[in-house]
Each structure stands twice: as C-alpha cells, then as structure tokens.
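Visitor: Show me the folded form of this:
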Amino acid sequence: MYRLFVIATLIVAVGCDATIDHFPRNDVCALSIAKMQSISTNAAQDDVSLLLTGWFGTPNDPQWPAKELTTPDLGTIVDLESLRQASGQVKSTKDGSHVGLYREHCATCHGLSGSGVGPAAWYQNPYPRDFRAGVFKWKSTVRSAPPTRDDLRQTLTHGIAGTAMPAFSQLDPQELEALIDYVIYLSVRGELERELLLASVTELEYGETPPENPQLRFISTTSGNSGAANEAVELSRKMLAEICRSWLHASGQVVEVPKSVLLTPASQESIDRGRGIFHGPIANCVGCHGIDGKGDIATLDFDDWSKEYSTRLGLNPADKAAMRPLRKLGALPPRIAAPRRLQHAFIRGGVSSDALYRRISQGIAGTPMPGVEISHRASGTSLSVEQATDLIHYVQSLVDSGETVGASGP
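Guide: Just a heads-up that it's a prediction; the model follows:
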C-alpha cells in the first residue's frame with residue numbers, strides 16, 4: 001500500500017499531462033538572500049519572475065533568449081527545437097516523435113525547474129542535483145567551470161553508481177541530446193534567477209517595494225516597455241551573456257590528464273608509495289576518508305547546496321525552529337556530507353585514472369572535497385605527476401579489494 005501511495009503521489013505532483021504555466025520560483029534562495037542582506041526580496045521576485053518568463057518561457061512552452069545575448073555564438077549552446085521536444089506534456093506525435101522527455105524521465109526527482117526537489121527527492125540519499133546553481137559534481141572541467149556536453153551525456157548514459165540516478169542508455173541519441181539541452185537551459189535560467197535576486201538588493205534599489213525609477217526594474221523586453229536604456233535589463237543581459245559564455249567555453253576548461261597517468265601500469269611498488277601519499281600531509285586523504293579509505297572519520301560538514309540555507313546564514317541545521325521557514329519553502333533537510341568510503345565496490349564519478357586525476361586535482365565542486373595542486377615537481381604544498389599516479393593506483397587498489405557495503409558520502 002505504501003508503494004502505491006508513493007506512486008500516486010508522484011503522479012499527482014508531477015502530472016504527465018498537467019498544464020503548468022510557470023516555473024516555481026526559487027523561494028529558498030530568495031529568503032536566504034533576504035536573511036543575509038537584511039532586506040526583503042519579495043518585490044524583486046515578482047519582477048525577476050516576469051523577466052524570466054519573458055525570456056525563457058514556461059515548462060510547457062520554453063523559449064531561448066537568443067536576441068538578448070550580446071553575440072550570436074552564445075545562443076548556440078542549446079537548440080530551441082530540442083527544448084520543445086524535452087518540455088511539456090508526455091506524449092507522442094503523429095510522426096512517432098516522443099516529447100515531454102524531461103517531465104517523463106527527470107522531473108520526478110529533479111523538479112520542474114531543476115530545483116532537485118521533485119516529489120521523489122525526499123526518499124533519496126543523496127538528494128537529486130539542483131541544476132539552478134550551475135554546480136555539477138561529476139565532470140571533466142576545472143572546479144569552477146560547468147560540465148561539457150559530453151560530461152552530461154556520460155552521466156545520462158551511464159547514470160551515477162550508488163545513487164538513484166539511473167542510466168538512460170536505451171534512449172534515442174536525439175532524445176539524449178534534447179535532455180542535455182534542457183538541463184543546460186534550466187541551469188542557465190536558474191543561475192540568472194539567483195544572480196538577479198542578489199543584484200536586486202545589492203546593486204539596484206529593490207526593497208519592500210520596487211524601485212521608483214522604472215529603469216532600475218527588471219521588465220521583460222518582450223513587453224515593449226523597457227528598451228536598451230533600462231539599467232536593470234542591461235545588467236540582466238550582461239549576466240546572461242557571462243553564464244552562457246561559461247557553458248559555451250566549457251570544453252576549453254577540461255582538465256588535461258598527463259599521458260603518463262594513463263599509460264603507467266599499476267605495480268605493488270606504486271601502490272605502496274600511493275598509500276604513503278594518501279596518509280601523508282600534502283594530500284591528507286586520510287583526514288576525511290580514514291585509514292586505508294575506510295570512511296570511518298566523523299565529519300560535520302555539509303555540501304554547498306545545504307550550506308546556502310543553513311550554516312552560511314548562521315543557522316544550525318539541527319535547529320528545527322530556525323530551519324522551519326526555509327523548510328516550508330521547500331528546502332530539503334540538510335544532510336552531513338560524509339566522505340566516500342573508498343573500500344567499496346563502486347565510486348561515484350568513476351574510478352578510471354583520468355577521472356581520479358581530475359578529482360584529486362580539482363576536488364569535487366559543491367562539496368567539502370578539496371583539490372590538491374599537481375605540478376611537474378613535488379613541493380611542500382603540491383604533488384608531482386608521478387606521486388598523483390601512485391595515489392591513483394592506491395585508490396584503485398582499495399576499490400578493487402574493498403568489501404561491498406552500503407553507499408555513503410557525496
């Protein structure tokens with residue numbers, strides 16, 4: 001009965017054929033900004049929502065604000081026809097094309113706006129990813145950059161081991177590309193929403209009421225009431241361009257893995273050296289992952305998505321009364337970001353040499369996992385490429401020889 005109740009709840013909450021005329025607002029981000037800046041963001045939310053609807057459309061009728069971008073190339077990061085195939089109600093057209101892909105495959109976990117708070121999110125550990133911050137954990141790029149399309153394609157095709165994220169390897173390649181476009185679309189829209197809410201109270205004159213000067217208000221250019229002279233709209237265009245530029249150039253931010261890392265075979269000597277590096281002061285992997293990667297170190301840290309509406313506001317995540325206003329707006333209960341147990345049958349993000357090299361050098365975006373500098377020569381603060389290779393071999397040996405236990409950690 002419980003299973004049937006959950007399934008019924010998901011169908012009602014997401015609704016394969018529901019009519020949805022707007023994206024949910026990012027109320028948690030707005031309240032977090034209001035608390036941090038000690039000023040209301042209600043008026044800003046109203047105007048920002050109107051601007052976003054004018055530029056990005058709705059869940060049933062997505063738009064792409066190509067005309068608001070400074071250069072044509074920035075508008076090429078997604079295809080509007082792909083967005084329309086991924087959006088809206090789940091159905092098949094007369095020619096057999098499948099549409100409504102995001103709502104069919106993704107919204108139950110990730111939510112209609114990419115918030116990571118779909119109706120199934122509460123039952124998952126870890127929670128589904130919130131796309132709106134533009135922060136993705138499993139990617140080939142530097143920590144501060146978004147993933148490449150190939151990174152997203154890999155995640156969709158293979159899923160993420162140890163999480164509820166399944167593999168969609170059976171989808172038609174065109175459908176996969178449409179979902180990639182839609183994830184980027186939601187991320188760009190969400191990033192812009194967050195930046196505009198913050199700018200409204202730090203750079204413009206939003207407070208309890210909108211600015212008296214209409215040129216400082218976020219007014220959609222599609223209404224014909226603003227024009228190029230509007231300072232707020234111009235600021236919005238610049239922010240949008242920067243966000244799109246980061247996605248356009250993500251492939252140029254891929255972390256190059258030295259060939260020696262990929263070609264050097266593992267040996268017992270390399271593994272033994274790697275163990276010393278794992279437990280040594282520079283990499284200091286033992287400080288979080290425990291002796292021999294057993295993952296038995298108690299930690300009290302959280303990921304960035306949880307910190308935004310808890311510790312960064314000076315709130316104790318365990319204080320139910322303090323967290324209640326944010327929880328009522330949809331914030332998920334913060335969970336401690338437990339380090340991965342490496343003596344395990346699988347590692348999220350992959351255990352290949354190139355994946356581990358990038359994780360060691362960059363850490364994991366959005367989590368407490370830091371990166372370690374890797375240089376040609378070892379120093380008191382960095383590892384050499386050879387040392388990084390030894391460390392990779394040691395971690396791989398832990399995974400190969402580890403006992404099979406339950407999932408834990410980010």
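Visitor: Every contact and neighbour count from this point should use C-alpha atoms.
Guide: OK.
Visitor: Pull the residues that contact stretch 183-192.
Guide: Stretch 183-192 is contacted from outside by 52, 56, 78, 83, 113-114, 131-134, 236, 239-240, 243-244, using CA atoms under 8 Å, 6 or more residues apart in numbering.
Visitor: burial count for the residue lying closest to residue 161 once chain neighbours are set aside?
Guide: In space, and not counting its chain neighbours, residue 161 is closest to residue 348: 5.5 Å by CA to CA, 6 or more residues apart in numbering. By other CA atoms under 10 Å, the residues close to residue 348 number 16.
Visitor: which ones are touching residue 373?
Guide: Per CA under 8 Å, 6+ apart, neighbours of residue 373: 361, 381, 382, 383.
Visitor: Confidence-wise, which of those residues comes last?
Guide: Lowest pLDDT within the contacts of residue 373 is found at residue 381 (92).
Visitor: and the gap between residue 285 and residue 195?
Guide: 34 Å (CA to CA, to the nearest Å).
Visitor: One more: residue 118?
Guide: Taken as CA to CA, the span from residue 118 to residue 195 is 23 Å.
Visitor: So if I had to pick from these two, which one is more boxed in?
Guide: residue 118 (23 against 14).
Visitor: which SS state does the more buried one fall under?
Guide: coil (DSSP: H, G, I helix; E, B strand; the rest coil).
Visitor: in the stretch 101-250 of the chain, which ranges drop under the pLDDT threshold?
Guide: Scanning the stretch 101-250 of the chain for pLDDT under 70 picks out the ranges 221-229.
Visitor: longest single helix anywhere in the chain?
Guide: When the chain is parsed with DSSP state H, its longest helix is helix 173-202.
Visitor: the inter-axis angle of whichever helix or strand comes after that helix versus helix 173-202?
Guide: Sequence order places helix 231-248 as the next helix or strand after helix 173-202, per DSSP states H and E. Angle, helix 231-248 to helix 173-202, by axes from the mean of the first three to the mean of the last three CA atoms, to 10 degrees: 140 degrees.
Visitor: Please compute how far helix 231-248 lies from its chain's middle.
Guide: The chain centre lies 19 Å from the centre of helix 231-248; the measure is CA atoms, centre = their mean, to the nearest Å.
Visitor: related to what we said a few turns ago, the residue nearest to residue 161: helix or strand, and which one exactly?
Guide: Following DSSP H and E, one finds residue 348 outside all helices and strands.
Visitor: related to what we said a few turns ago, ok, of the contacts of stretch 183-192, which one's closest to residue 265?
Guide: Residue 265 has its nearest neighbour among the contacts of stretch 183-192 in residue 134, at 36.1 Å by CA to CA.
Visitor: does that closest one really touch residue 146, like I thought?
Guide: Yes: Residue 134 lies in contact with residue 146 (CA atoms under 8 Å); the separation is 6.5 Å.
Visitor: The two: who's more crowded?
Guide: Taking other CA under 10 Å, residue 134 and residue 146 do not tie; residue 146 has more neighbours (28 against 23).
Visitor: For the more buried one, give me its contacts.
Guide: 134, 135, 136, 139, 246, 247, 250.
Visitor: element containing the second one?
Guide: Element membership of residue 135 [criterion: DSSP H and E] is none; it lies in no helix or strand.
Visitor: Give me the number of neighbouring residues for it.
Guide: 22.
Visitor: follow-up on the earlier one: which one among the contacts of stretch 183-192 gets closest to residue 150?
Guide: Using CA to CA, the contacts of stretch 183-192 come closest to residue 150 at residue 78, 13.7 Å.
Visitor: any weak-confidence spans in the stretch 301-410 of the chain?
Guide: 344-345, 401-410.
Visitor: Sketch out the helices for it, chain order is fine.
Guide: 304-307, 320-328, 353-362, 385-401 (DSSP state H, counting those that start in this stretch).
Visitor: do the same with the stretch 51-200 of the chain
Guide: Going by DSSP H, counting those that start in this stretch, the stretch 51-200 of the chain shows helices at 80-86, 101-105, 107-110, 149-158, 173-202.
Visitor: Out of those helices, which is the most enclosed?
Guide: helix 107-110 (a mean of 24; mean count of other CA atoms under 10 Å).
Visitor: Go ahead and produce PDB holding the CA coordinates of that helix.
Guide: Below are the C-alpha coordinates for helix 107-110, written out as PDB (Å, rounded to 0.1, in the frame of the first residue of the first chain):
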ATOM      1  CA  ALA A 107      11.100  15.900 -13.100                       C
ATOM      2  CA  THR A 108      10.000  13.400 -10.500                       C
ATOM      3  CA  CYS A 109      13.500  13.700  -8.900                       C
ATOM      4  CA  HIS A 110      14.900  17.000 -10.200                       C
END
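Visitor: just how off-centre is that helix within its chain?
Guide: Averaging C-alpha positions (CA atoms, centre = their mean) puts helix 107-110 14 Å from its chain's average.
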